[in-house]
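Asks: Turn this into a model:
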Amino acid sequence: MKNKKNELLEQVKIGVIGGSGVYNIEEIKDIKEIDINTPFGKPSDKIIIGTLENIKIAFLPRHGKGHRILPSEINQRANIYALKLIGVQQIIGISACGSLKEELKPGDFILPEQIFDRTKTRISTFFGNGIVGHIGFANPFCNELRNIVYDCCNVLNIKTHFGGIYVCIEGPQFSTRGESEVNRKLGFDVVGMTALPEAKLAREAEICYATVGLITDYDVWKQGEEVSVEKVSKILHKNVENVKKLIKTVVLKIAQRKRECECKDALKYAIFTDKNYINKTTLNKLKLITGKYL
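Replies: Next comes the predicted model:
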């Protein structure tokens, strides 16, 4: 596989999208960076590739190195396309989030089962411009992948909540108290800014995807414990070691997994456009995504 620069791209099946520090795992060997162009522009940063126990993994800092990209500015299409281009079939998305329930404590992990979209300005599909696609998204996260991650968290004694609803807001501002209270009344469990459209695009690309939520705060509903950048940063730094341990354990497990989930064939019946009317320019742009079917 080659990118626009005609450089031969290494094939890597496991990807991790997250913040700084995750790829600084001591056991990761042969680390290098690759610069990829996509039909949707440049990803957030260079993709970092390394080897763990002879398994190649790819890391992509979602906000770019130094955390310089707002949640709404992230080129999610380029990020997912670039990972697909190098062969990634499974993605673990590391995402900071705020708790909307007392029992979900800062420092805990959560593996949400559902997601609710409150974003406003983000492009959430590869389709359009002459090709219409409608994927099934009733189960937004790969349940097979979630189960493996949860088992690994238990082995590592990381306090992890299995299930719940992640509500994704536009940001970059934190919620108002009114918004936080409404989200609680609607039964949402955690609130974050980055899991969408990441999860939607991964499904369109037929990549298994699961979010690991790092609970950093109680949003703003709990008097005296309102979210702040200082609190979020403090909890995140404390959790870096747990994240590293989790990735090391998870990679070994999911590398052995045979994909039998709905993710791998998500586009099988999703493309509605008559082949006689498909825009050829768009078709060429989406060849990596739709080539299996068109």
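Asks: Just say helix, strand or coil for the residue lying farthest from the centre of the chain.
Replies: Seen from the C-alpha centroid of the chain, the residue lying at the greatest distance (Cα atoms, centre = their mean) is Asn276, 34.5 Å away. Remark: Asn276 carries the secondary structure label helix [criterion: DSSP: H, G, I helix; E, B strand; the rest coil].
Asks: secondary structure element for Glu103?
Replies: Assignment of secondary structure by DSSP states H and E places Glu103 within no helix or strand.
Asks: what's the neighbour count on it?
Replies: Neighbour count of Glu103, defined by other Cβ atoms under 10 Å: 8. C-beta: built from backbone N, CA, C; applies to glycine.
Asks: residue boundaries of the helices in the stretch 101-250 of the chain?
Replies: 143-155, 177-185, 198-204, 229-254 (DSSP state H, counting those that start in this stretch).
Asks: Confidence-wise, which helix or strand of the chain is lowest on average?
Replies: Among the helices and strands of the chain, helix 229-254 carries the lowest confidence by mean pLDDT, DSSP states H and E, at a mean of 88.
Asks: Check which helices and strands that one sits against.
Replies: In terms of contacts (3 or more Cβ pairs under 8 Å, 6 or more residues apart in numbering; DSSP states H and E), helix 229-254 is packed against strand 14-18, strand 47-52, strand 55-61, strand 90-99, strand 109-111, helix 143-155, strand 208-217.
Asks: which one of those lies closest to Glu27?
Replies: Each of these has some distance to Glu27 by Cβ to Cβ; the shortest is strand 47-52, at 5.8 Å.
Asks: elements contacting that closest one?
Replies: Packing partners of strand 47-52 (3+ Cβ pairs under 8 Å, 6+ apart): strand 29-34, strand 55-61, helix 229-254.
Asks: at 10 Å what do you get?
Replies: Secondary structure elements in contact with strand 47-52, counted by 3 or more Cβ pairs under 10 Å, 6 or more residues apart in numbering; DSSP states H and E, are strand 14-18, strand 29-34, strand 55-61, helix 76-85, helix 229-254.
Asks: Each with direction, which strands does that strand pair with?
Replies: Listed by DSSP bridges, the sheet partners of strand 47-52 and their directions read strand 29-34 (antiparallel), strand 55-61 (antiparallel).
Asks: From the chain's centroid, how far away is it?
Replies: The offset between the C-alpha centroid of strand 47-52 and the centroid of the whole chain comes to 17 Å, using Cα atoms, centre = their mean, to the nearest Å.
Asks: List the buried residues for it?
Replies: Of all the residues in strand 47-52, those buried under the rule 16 or more other Cβ atoms under 10 Å are 47-50, 52.
Asks: how about low-confidence regions in this protein?
Replies: Low-confidence regions of the chain, defined here as pLDDT under 70, cover residues 1-8, 20-21, 23.
Asks: would you put the C-alpha positions of stretch 236-249 in CSV?
Replies: The C-alpha trace of stretch 236-249 is given here as CSV (Å, rounded to 0.1, in the frame of the first residue of the first chain):
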residue,chain,number,x,y,z
LEU,A,236,-5.2,11.9,33.5
HIS,A,237,-1.6,12.0,34.7
LYS,A,238,-2.4,9.5,37.4
ASN,A,239,-4.1,7.2,34.9
VAL,A,240,-1.2,7.2,32.4
GLU,A,241,0.4,4.1,33.9
ASN,A,242,-2.9,2.2,34.0
VAL,A,243,-3.5,3.1,30.3
LYS,A,244,0.0,1.8,29.4
LYS,A,245,-0.6,-1.5,31.3
LEU,A,246,-4.0,-1.9,29.6
ILE,A,247,-2.6,-1.3,26.1
LYS,A,248,0.2,-3.9,26.7
THR,A,249,-2.3,-6.5,27.9
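Asks: can you list the residues that contact that stretch?
Replies: Surrounding stretch 236-249, the residues in contact under the criterion Cβ atoms under 10 Å, 6 or more residues apart in numbering are 14, 16, 18-28, 52-53, 57, 59, 92, 94, 96, 106-109, 148-149, 151-153, 155-160, 212, 214-216.
Asks: Go again with 6 Å.
Replies: Applying Cβ atoms under 6 Å, 6 or more residues apart in numbering, the set of residues contacting stretch 236-249 from outside is 21-22, 25, 152, 156, 158, 214.
Asks: next one: stretch 185-192
Replies: Contact partners of stretch 185-192, identified using Cβ under 6 Å, 6+ apart, comprise 95, 97-101, 110, 164-168, 183, 213, 219.
Asks: Write the PyMOL selection for whichever of these are buried.
Replies: Restricted to buried positions by 16+ other Cβ under 10 Å, the PyMOL selection for the contacts of stretch 185-192 reads:
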select buried, resi 95+97+98+99+100+101+110+164+165+166+167+168+183+213+219
